[in-house]
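Chemist: have a look at this prediction, sequence included:
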Amino acid sequence: MNSLPTSLPSLQAKDFKSDLKPIWCPGCGDFGVLQAIYRALASIGRAPHEIAFVSGIGCSSRIPGYTTAYGFNSVHGRALPIAQGIKLARPELLVLVAGGDGDGFSIGGGHVPHTIRRNPDITYIVMDNQIYGLTKGQLSPTSPRGLKTVTSEYGSMEAPVNPLLYVLAYGAGFVAQGTPADMAGLSAVIEEAIRYPGFAFVNVQSPCVTFGPEDAQVKAHRAIMKSLASIGHDPTDRLAAMGVAQRYGEELHTGVYYRNPEPPPTMGALVKDRQMELDGKAVARERILDAFVQK
Ligand SMILES: Cc1ncc(C[n+]2csc(CCOP(=O)(O)OP(=O)(O)O)c2C)c(N)n1
Ligand code: SF4
């Protein structure tokens, strides 16, 4: 857990709700994700003006605009580098990133490993609906094999990317999964991700009711979801987490896959140390020069 203040009773979920009305299709899973984010932010207790919320482009990437935090609906696939820049320039801000599976694991997929190896203290929430929603139903990197879409009329021939294994393999310190079918569980993992001191990833199975796979619906999730705690998973065991994550696409597990019990230094902490080191060297250099001039 990091030094974020624990819940301030004065902030409620409604304080994070902006005046903008979501234009998602009725029944879209992203409504539930938004509610879970409001709840998590209320529990965290940071005021909206202390939060920077960055997204890429997609239906899911509209989410920052529906909150009262500072929002940046940026460029398709480029939310993570922008968020890292914000966190470096303004380390005191709470930085959240959100977007779709296409945004994060197709066009933006190359940024994920590099963000993980730098370990900025940011939270990345992916609304994984296995489709490109905004552009009306093309194959996405997480589309299941066989899915018929406008770009795979006879069914996809490709194996899906596994977002959980992807981030675990690169060493993400916090990895969790949720679904809007379990609002309490989803807001709890988002809150825990925000409190983790380092890069934290939450994959949300957020159904696209208009273009997504037919069996991916909130109601269907409720019937099949299984918490990782109920199967006795140990979230401090990264290899065990990778083992369970292999079942992505076959079973719907919710909860924390992995939480590094000894979080490594964040990018912000390392930069601060380097700055102090260089400042110290600059002071020493000035002293030597002063001594030289005085002679
Ligand atoms: C550079 C660039 N390439 C392509 C697009 C078109 N585009 C916009 S959103 C999107 C994919 C949306 O899918 P996803 O990121 O999974 O989000 P969703 O809409 O499903 O929430 C694409 C291909 C774009 N806006 N910019
Ligand atoms: S197209 Fe899909 S992802 Fe986009 S708002 Fe509609 S249901 Fe949601």
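Modeler: Received, thanks. Numbering: from 1, shown residues only. Ligands and ions are numbered 1, 2, ... in the order given.
Chemist: longest single helix anywhere in the protein?
Modeler: For the chain, the longest helix by residue count, based on DSSP state H, is helix 267-294.
Chemist: strands along the stretch 51-200 of the chain, start to end?
Modeler: Under the criterion DSSP state E, counting those that start in this stretch, the stretch 51-200 of the chain contains strands at 51-55, 70-73, 94-100, 122-128, 174-178, 200-205.
Chemist: what residues does the stretch 151-295 of the chain put near ligand 1?
Modeler: Within the stretch 151-295 of the chain, the positions adjacent to ligand 1 are residue 208 by C-beta under 6 Å from any ligand atom. Every residue, glycine included, has its C-beta placed from N, CA and C.
Chemist: report pLDDT for residue 166.
Modeler: Listed pLDDT for residue 166 reads 98.
Chemist: was I right about residue 103 contacting residue 58?
Modeler: Yes - between residue 103 and residue 58 a contact is recorded at 5.0 Å, counting by C-beta atoms under 8 Å.
Chemist: higher neighbour count, these two?
Modeler: More neighbours surround residue 103 than the other of residue 103 and residue 58, with 31 against 26 (other C-beta atoms under 10 Å).
Chemist: picking up where we left off before, which neighbours do residue 103 and residue 58 share?
Modeler: Applying C-beta atoms under 8 Å, 6 or more residues apart in numbering, one finds that residue 103 and residue 58 are jointly contacted by residue 76.
Chemist: circling back: which elements pack onto the longest helix of the chain?
Modeler: helix 79-89 (3 or more C-beta pairs under 8 Å, 6 or more residues apart in numbering; DSSP states H and E).
Chemist: the helix it packs on near ligand 1 at all?
Modeler: No - in terms of C-beta under 6 Å from any ligand atom, no part of helix 79-89 sits within range of ligand 1; the closest distance is 10.1 Å.
Chemist: which strands or helices does that helix pack on?
Modeler: Helix 79-89 packs on strand 51-55, strand 94-100, helix 111-118, strand 122-128, helix 267-294, going by 3+ C-beta pairs under 8 Å, 6+ apart.
Chemist: just to revisit the earlier point, can you pull the buried residues of the longest helix of the chain?
Modeler: 267, 268, 271 (16 or more other C-beta atoms under 10 Å).
Chemist: out of these, who's nearest ligand 1?
Modeler: Ranked by distance to ligand 1 (C-beta to the nearest ligand atom), the buried residues of helix 267-294 are led by residue 267 at 24.9 Å.
Chemist: close enough to count as contact, the closest one and residue 83?
Modeler: No - using C-beta under 8 Å, residue 267 is not in contact with residue 83, being 11.2 Å away.
Chemist: between the two, which contacts overlap?
Modeler: Applying C-beta under 8 Å, 6+ apart, one finds that residue 267 and residue 83 are jointly contacted by residue 120.
Chemist: so, low pLDDT: which residues of the stretch 101-250 of the chain?
Modeler: Along the stretch 101-250 of the chain, no part satisfies pLDDT under 70.
Chemist: contact residues of it facing ligand 2?
Modeler: 129, 133, 134, 208, 209, 210, 211.
Chemist: compare the helices and strands packed on helix 79-89 and give me the one nearest residue 252.
Modeler: strand 122-128 (11.1 Å; C-beta to C-beta).
Chemist: what packs against the closest one?
Modeler: So strand 122-128, by 3+ C-beta pairs under 8 Å, 6+ apart, packs with helix 30-44, helix 79-89, strand 94-100, helix 101-102, helix 183-195, strand 200-205.
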